[in-house]
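# Compute the structure for the input listed below.
(4 chains)
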Number of protein chains: 2
Amino acid sequence: MSLLAVKPRHETRIRILDAAEALFMQHGFEATSMRLLTSTAGVNLAAVNYHFGSKDALIEALFRRRLDPMNAERVAALDQLEREAAGAPLAPERVIRAFVRPGLRMIEDAAGGGRNFIRLLGRTYTEPAAPIRALIGQLYAPTMERFKQAFVKSLPELPRDELVWRMHFMFGTLSYTLAATDTVQLIAGCKPEDRYDARLLEDRLAAFLTAGLCAPLPQRRDVKIAA
Amino acid sequence: MSLLAVKPRHETRIRILDAAEALFMQHGFEATSMRLLTSTAGVNLAAVNYHFGSKDALIEALFRRRLDPMNAERVAALDQLEREAAGAPLAPERVIRAFVRPGLRMIEDAAGGGRNFIRLLGRTYTEPAAPIRALIGQLYAPTMERFKQAFVKSLPELPRDELVWRMHFMFGTLSYTLAATDTVQLIAGCKPEDRYDARLLEDRLAAFLTAGLCAPLPQRRDVKIAA
DNA sequence: CTATCATTCAAACGTTCGTTTGATTCCATC
DNA sequence: GATGGAATCAAACGAACGTTTGAATGATAG
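Presented below is the predicted three-dimensional model:
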């Protein structure tokens, strides 16, 4: 049968991708050697080059595997919201949740590699390597444009450049929250068990981000903090 | 003279630190080789190991050089605010600005390495390498505790764990904003010239963060985004 | 059974890494 | 001018890197 013939053909690929997610998350791209990666995945050293071509191509495949469905989910949620609203403006918080939720939901997927990936992704926005950032940007661009339009509709009175900055801030907050797994402890000893309860976290993020997005326009610089 | 004798002794150290800031920012720690680093600094290959001991020790020295004064500035601004207030509660925005301003001001220091450092720092909060994160956490801990106390006084009605999370979000927003130099363009074509006008940026950040910090407590999860 | 093709494997490729070495240069002090 | 310790230098160290190679393996189709 051709099914059985195809399946083991992709088995090795998946083992590599899963191991790469975990190791890249833990050590970063450069610090993860092919030898550690392939031995962790239980495959031959040459397997990565055979199946993906190079280490860089593996990284690209890794992001595409998770990012495309996640952004599709975001856009689908937004489409659904707008369909239900039937032309009426959406509350900003609902748009925010449509963007935040697919990312946070992946964190609950501890068994699958979703949790690993989402933390890796959060790290990658500030990745020094230019080609990786470019890839991420390219994969995100359409989704960003879509949500920007949605926010413009939800907050027609907000100046466009202010919206862009606030989206930037929101994106940053989410990225950092997903990536900085242990920095919460820096600020205070909080119970680690609810640290990544996605529902609680979504509520907290949504409250914070909605308030920030809808904040009054910034005052021009006359706030003194010290003499 | 002993002054002239000491000065050239540290000249090479400074050249190395400055070059390291620029290169680590551009390529990351691992991707910056000692050979590129020393040749950029115009010093001998062995100079780093001679003056700092190792590449890791250089990284630590690099962070200490900038981070200690910056956090001291933050705490000093906060002290000054509280002194002026004489016991009266501080407006949250002023506390936020006391924390944000020293970081943003460094961005205006394009001639010195401040701009390089601050972007490097933003990246480092999500650095995979554990010892580097540990170092940063250690250097930040006292400042964080200090500002936490200040926020508790400013917002006595905000539950403690909620405050911790919101500080986490705020810290993330700032870090990401400082680090992600080119991601703003991802969201929209904004004029690059005002992208890092520190005053404009502080006003925007202060408005966003203050609203987020003072947001109403999160609703418990009954917000529907899609069917 | 044989031919075929994708896949796996051990081994080695050349390169680059961070670090070390031992001689050399520099300069304040005696 | 001679001395001594700090600083610099060219050169080499062993180790680890990503990648390539060519033979061995396994299942499929004729």
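
# which of the residues in the longest helix that chain A contains are buried?
Assignment by DSSP state H gives helix A:55-85 as the longest helix of chain A. Along helix A:55-85, these residues count as buried under the neighbour rule (16 or more other C-beta atoms under 10 Å in any protein chain shown): A:55, A:58-63, A:65-67, A:70-71, A:73-75, A:77-78, A:81-82. Any C-beta I mention is one placed from the backbone N, CA and C, and that applies to glycine too.

# got it, and stretch A:121-134?
For stretch A:121-134, burial by neighbour count (16+ other C-beta under 10 Å) applies to A:121-129, A:132-133.

# Just those: which are in helices?
Assigned to helices by DSSP H, the following of these qualify: A:121-124, A:132-133.

# Redo those residues as CSV? Include pLDDT and distance to DNA strand D.
Formatted as CSV, the entries for these read as follows, by pLDDT from 0 to 100; distance: C-beta to the nearest atom of the strand, whole Å:
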residue, pLDDT, distance to DNA strand D
A:Leu121, 88, 20
A:Gly122, 84, 22
A:Arg123, 82, 17
A:Thr124, 83, 17
A:Ile132, 85, 14
A:Arg133, 84, 19
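
# ok, of those residues, which one's closest to A:Gln26?
The nearest member of these to A:Gln26, counting by C-beta to C-beta, is A:Arg123 at 10.6 Å.

# one step back: now narrow the buried residues of helix A:55-85 to whatever sits close to chain B.
When C-beta under 8 Å from any C-beta of the partner chain is applied, the members of the buried residues of helix A:55-85 adjacent to chain B are A:77, A:81.

# before we move on, back to that, what is the nearest of the ones in helices among the buried residues of stretch A:121-134 to DNA strand C?
Using C-beta to the nearest atom of the strand, A:Ile132 is the member of those that lies nearest DNA strand C, at 18.0 Å.

# By mean pLDDT, point me to the weakest helix or strand of chain A.
Least confident element among the helices and strands of chain A, by mean pLDDT, DSSP states H and E: helix A:184-187 (a mean of 63).

# Where does pLDDT dip in chain A?
Low-confidence segments of chain A, defined by pLDDT under 70: A:1-9, A:181-196, A:220-227.

# hmm, 90 instead?
Residues of chain A that meet the criterion pLDDT under 90 lie in A:1-11, A:25-28, A:31, A:105-116, A:118-138, A:161, A:176-201, A:219-227.

# Show me which residues of it sit near DNA strand C.
By the criterion of C-beta under 7 Å from any atom of the strand, the positions of chain A lying close to DNA strand C are A:8-9, A:11-12, A:43-47, A:50-51.

# what's near enough to touch A:Ile107?
A:Ile107 makes contacts with A:114-115, A:118-119, A:178, A:196, A:198, A:201, as judged by C-beta atoms under 8 Å, 6 or more residues apart in numbering or on different chains.

# Next, format the residues you listed as a markdown table and append neighbour count, distance to A:Trp165 and secondary structure.
A markdown table is the format used below for these (neighbours: other C-beta atoms under 10 Å in any protein chain shown; distance: C-beta to C-beta, whole Å; DSSP: H, G, I helix; E, B strand; the rest coil):
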| residue | neighbour count | distance to A:Trp165 | secondary structure |
| --- | --- | --- | --- |
| A:Gly114 | 18 | 30 | helix |
| A:Arg115 | 20 | 30 | helix |
| A:Ile118 | 26 | 24 | helix |
| A:Arg119 | 23 | 26 | helix |
| A:Leu178 | 26 | 21 | helix |
| A:Tyr196 | 19 | 28 | coil |
| A:Ala198 | 17 | 27 | helix |
| A:Leu201 | 20 | 24 | helix |
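
# Now A:Ala31. Nearest residue, chain neighbours left out?
B:Glu30 (5.7 Å; C-beta to C-beta, 6 or more residues apart in numbering or on different chains).

# Go ahead and confirm the one you found touches A:Glu30.
Yes: shown here, B:Glu30 and A:Glu30 form a contact pair, counting by C-beta atoms under 8 Å, at 4.0 Å.

# returning to that earlier point: next helix or strand past the longest helix of chain A?
Next along the chain after helix A:55-85, taking DSSP states H and E as the criterion, comes helix A:92-108.

# Hey, what's the angle from that following helix to helix A:55-85? Just curious.
Counting by axes from the mean of the first three to the mean of the last three C-alpha atoms, to 10 degrees, helix A:92-108 lies at 140 degrees to helix A:55-85.

# residue contacts, A:Leu36?
Applying C-beta under 8 Å, 6+ apart to A:Leu36 gives the contacts A:Leu23.

# Now do the buried residues in the helix or strand harbouring it.
Taking DSSP H and E as the definition, A:Leu36 sits inside helix A:34-41. Judged by neighbour count (16+ other C-beta under 10 Å), helix A:34-41 contains these buried residues: A:37-38, A:40-41.

# how about A:Ile118, what does it touch?
A:Ile118 makes contact with A:103, A:106-107, A:178 under the criterion C-beta under 8 Å, 6+ apart.

# Among these, which one sits closest to chain B?
Of all these, A:Leu178 has the smallest distance to chain B: 9.3 Å, by C-beta to the nearest C-beta.

# so how far is B:Glu11 from the closest residue to the closest one other than its chain neighbours?
Taking C-beta to C-beta, 6+ apart, and ignoring the residues beside it in sequence, A:Leu178 has A:Gly122 as its nearest neighbour in space, at 3.7 Å. As judged by C-beta to C-beta, to the nearest Å, A:Gly122 and B:Glu11 stand 40 Å apart.

# got it, and A:Arg146?
In this structure, A:Arg146 and B:Glu11 are 54 Å apart, going by C-beta to C-beta.

# ok, those two, which is more surrounded?
Set A:Arg146 next to B:Glu11 and count neighbours by other C-beta atoms under 10 Å in any protein chain shown: A:Arg146 wins out with 15 against 11.
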